[in-house]
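# Here is the input, now give the coordinates:
(2 chains)
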Amino acid sequence: MADDSDGRWSITGSIRVIGEEIAPTFFKFFAKLPKLAQRSIKLIIPFLFMLVITILPVDLDSQIKYALAVFVCISMLWTFGSLPLPVTALLVPVLLTFYGIFPTAEALMPFANPVVYLLMGGLIMAEAFRKHGLDRRLAYAIVSKSEGNLHLTLLTLMVVSAVLSMWISNTATVALLIPVVLGIASRAGEDKGRLSMQFLMGIGVGAAIGGMATITGSAPNAVASGLLANETPWTFIDWMKLGLPASIVILIISWQILIRAFPVGISFLELGAIKKELESMGPLRMGEKKTLFIFLPTVALWIAGADIGALFGFPASFMSAAIVALSASVLLFATRTLDWQDARTISWEIFLIVGAGLALGEGLDASGAADWIAGQLVSLTGGLSLIIIMLIVSLISVLLSNLMSNTATAAILVPILIGMSSTLMIDPKFLVLVCALSVSVSFITPIGTPPFTLIFSTGVLSRENIARGGLRITLPAVLIITVLTYLLVEFGLV
Amino acid sequence: MKVMVVGAGAIGTEIIKQMHKNPRIEVIVVDPKDKPKAVAEGVIQKVDIRKHVTPLNFEEVVKEADPELVIIARTIEDWEQFDNLGGAQYIIGMERELTKFDIPVIPVSSQMLGPC
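Alright, predicted model coming up:
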């Protein structure tokens, strides 16, 4: 799950980096200000903008103007990191009701969107994996299959990272694999530096790519799915029809790119330690068995729940992904696979951020602001073919998500893209899906996503290493996402 | 006796304080930060080796410090931005890897974090 939404991710770090290059005087001045002054400026500016838009004497429906004021304020707060992301999220229903865009119940309703409960189920399931060490066992088991072939080891590490992050937190996946990777690389003699770079990039990229495959894989997917479900029938399996092939293709290409971007002088590595570790784990323990016993049917029901439900004559909603996720969660607690103490460690703030993203989107939609922004954008892109517009959307999404939270990027862009699709009279899936997948491709900066920050913090990869390797993967990924989304939606396969 | 303490954050500071009670123990502190908690609180004047210790450079750092014992004392607070998002997993995994080397290592962070 894209855990960029930890409440602390912001553009500030990137601005500092970019600032050194393009506007040194301003940023030096800003950096010299006392911390309190910096925080106050970052907090006041968004509300000033909101006020200015509110009172601006322009010929615009007041509801549209108010929704735009809220949108700009929240976007700036998320972008500057003026407040922790979940705190800004709490402000969304407050502002929507303040401006009369929604009554209280409607402003809060998106926080109970089924997709929020689907995410909750995914996080609780992930906690069971973590608690019982099933994630570690899976990692060691798959990596040991490479038999020491370096290229295969990289591929298996990327596959492990991708498979785990389809269901559990991207950061937790990377955190789990970093020590494993460094442990393997430390046995590579003089090549250990280059090899560890290759492996670290591999697990970071793998985690991000795996997160694209399912709705539960990444919070931006949940935001996009929640908003898309208001426009068109949209299920867990619908997402996988695009997310999974996109993940597989990008993973294979990234693997080849990383081999070339970080060449290593050796071709074989001793994996005895990994095998020893796996042996020391012994057979599956009871906690692991119970987790698998609940996890595997859950995945099956997420994928084919509608058909299975129809077979047994269950109401259709009973087999919806969110209800399946909640049922699985109850089972995990009922079978004592987890206790409530374990649930306390879950990153609950993600639900606020996803809920706020959905509320903001619905506010923009209901007020007509999304259509208004879309109209302005359409006039700018007039005459361009759909695939070029999709490519532009993908590039903008990648750029923004390298500088700020992926979830916030999706929350800001998706409502606009839905409005734009309506103006262009095209299926919203074209633009929404391309955006939702592209925000996961933030490999260029160390602050693009927490997994990359964690990787950067090992001190093995420099900013330049990440930018060089990341950019080589980002550009083909953008093309693949755009073309694959276009083809699958155009031919009605998604 | 020469003891290398990896991490001068919350747990590291407490360990260093206890070590200082015994004048026969020489403490070498390793931390990537310039002013970790132990320095900020005046427990030590400066960090002896400013490095982020990983399995990749562990042997080099040990060679540089030449300790008889290593204590790994990194806490979740040292990874504040990852508190709920894998920080515990990272610290425990790293400790597990470091104890595989042929040097006496006592990991204390994971005991503070509980089972993972």
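# which residues does the closest residue to A:Ile303 other than its chain neighbours contact?
Leaving aside its chain neighbours, A:Ile303 sits nearest to A:Ile237 (5.3 Å; criterion: CB to CB, 6 or more residues apart in numbering or on different chains). Heads up, the C-betas are built off the backbone N, CA and C, glycines and all. A:Ile237 sits next to A:Trp302, A:Ile303, A:Ala304 when contact means CB atoms under 8 Å, 6 or more residues apart in numbering or on different chains.
# For residue 61, which residues are in contact?
All of this is about chain A. A:Ser367, A:Gly368.
# hm, I was asking about chain B
B:Met4, B:Val30, B:Ile49, B:Lys51, B:Val53.
# Need those residues in CSV (columns: neighbour count, pLDDT and distance to A:Leu177).
As requested, those are arranged in CSV below (neighbours: other CB atoms under 10 Å in any protein chain shown; pLDDT from 0 to 100; distance: CB to CB, whole Å):
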residue, neighbour count, pLDDT, distance to A:Leu177
B:Met4, 25, 95, 26
B:Val30, 26, 93, 23
B:Ile49, 16, 93, 26
B:Lys51, 17, 86, 22
B:Val53, 24, 85, 18
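# And for residue 32, the neighbour number?
Picked chain A for this. By other CB atoms under 10 Å in any protein chain shown, 9 other residues sit near A:Lys32.
# wrong chain, I was asking about chain B
If you count neighbours by other CB under 10 Å, B:Pro32 ends up with 17.
# you'd agree it is up against B:Lys51?
Yes - in this structure B:Pro32 lies within contact range of B:Lys51 using CB atoms under 8 Å: 6.2 Å.
# Find the residues that touch each one of those two.
Common neighbours of B:Pro32 and B:Lys51 (CB under 8 Å, 6+ apart) are A:Gly459.
# how about the nearest residue to A:Ser161, chain neighbours excluded?
A:Gly206 (3.2 Å).
# which residues touch that neighbour?
By CB under 8 Å, 6+ apart, the contact list for A:Gly206 reads A:Leu157, A:Met158, A:Val159, A:Val160, A:Ser161, A:Ala162, A:Ser165, A:Leu251, A:Ser254.
# A:Val181 too?
A:Leu157, A:Ser196, A:Phe199, A:Leu200, A:Gly202, A:Ile203.
# quick one: secondary structure of B:Ile106?
Assigned with DSSP: H, G, I helix; E, B strand; the rest coil, B:Ile106 falls in the strand class.
# What distance do you get for the residue nearest to A:Pro446 when sequence neighbours are not counted to A:Ala175?
The spatial neighbour of A:Pro446 that comes closest, neighbours along the chain excluded (CB to CB, 6+ apart), is A:Phe456 at 3.6 Å. Per CB to CB, to the nearest Å, A:Phe456 is found 13 Å from A:Ala175.
# got it, and A:Ala105?
39 Å.
# Output the below-cut-off pLDDT ranges for chain B.
By pLDDT under 70, the low-scoring segments of chain B are B:75-89, B:109-116.
# If you count surrounding residues, which of A:Ala105 and A:Ala175 has more?
Taking other CB under 10 Å, A:Ala105 and A:Ala175 do not tie; A:Ala175 has more neighbours (29 against 8).
# ok, now which ones touch the closest residue to A:Ser329 other than its chain neighbours?
Nearest residue to A:Ser329, sequence neighbours excluded (CB to CB, 6+ apart): A:Ile124, at 4.3 Å. By CB under 8 Å, 6+ apart, the residues touching A:Ile124 are A:Ala328, A:Ser329, A:Leu332, A:Leu338, A:Ala343, A:Ile346.
# The residues you listed in helices, which ones?
A:Ala328, A:Ser329, A:Leu332, A:Ala343 (DSSP state H).
# Verify the contact between the second one and A:Met120 for me.
By that I understand A:Ser329. Yes - contact criterion CB under 8 Å: A:Ser329 and A:Met120 qualify, at 7.0 Å.
# For A:Asp365, list the residues it contacts.
By CB under 8 Å, 6+ apart, the neighbours of A:Asp365 are A:Asn230, A:Asp371, A:Pro415, A:Ile418, A:Gly419.
# What of A:Ala369?
A:Gln63, A:Ile64, A:Ala67, A:Leu68, A:Phe71, A:Gly363, A:Gly419.
# As JSON lines, the contacts of B:Val61 with secondary structure and distance to A:Leu487 would be great.
Output for these, formatted as JSON lines (DSSP: H, G, I helix; E, B strand; the rest coil; distance: CB to CB, whole Å):
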{"residue": "B:Met4", "secondary structure": "strand", "distance to A:Leu487": "57"}
{"residue": "B:Val30", "secondary structure": "strand", "distance to A:Leu487": "53"}
{"residue": "B:Ile49", "secondary structure": "strand", "distance to A:Leu487": "54"}
{"residue": "B:Lys51", "secondary structure": "coil", "distance to A:Leu487": "49"}
{"residue": "B:Val53", "secondary structure": "coil", "distance to A:Leu487": "48"}
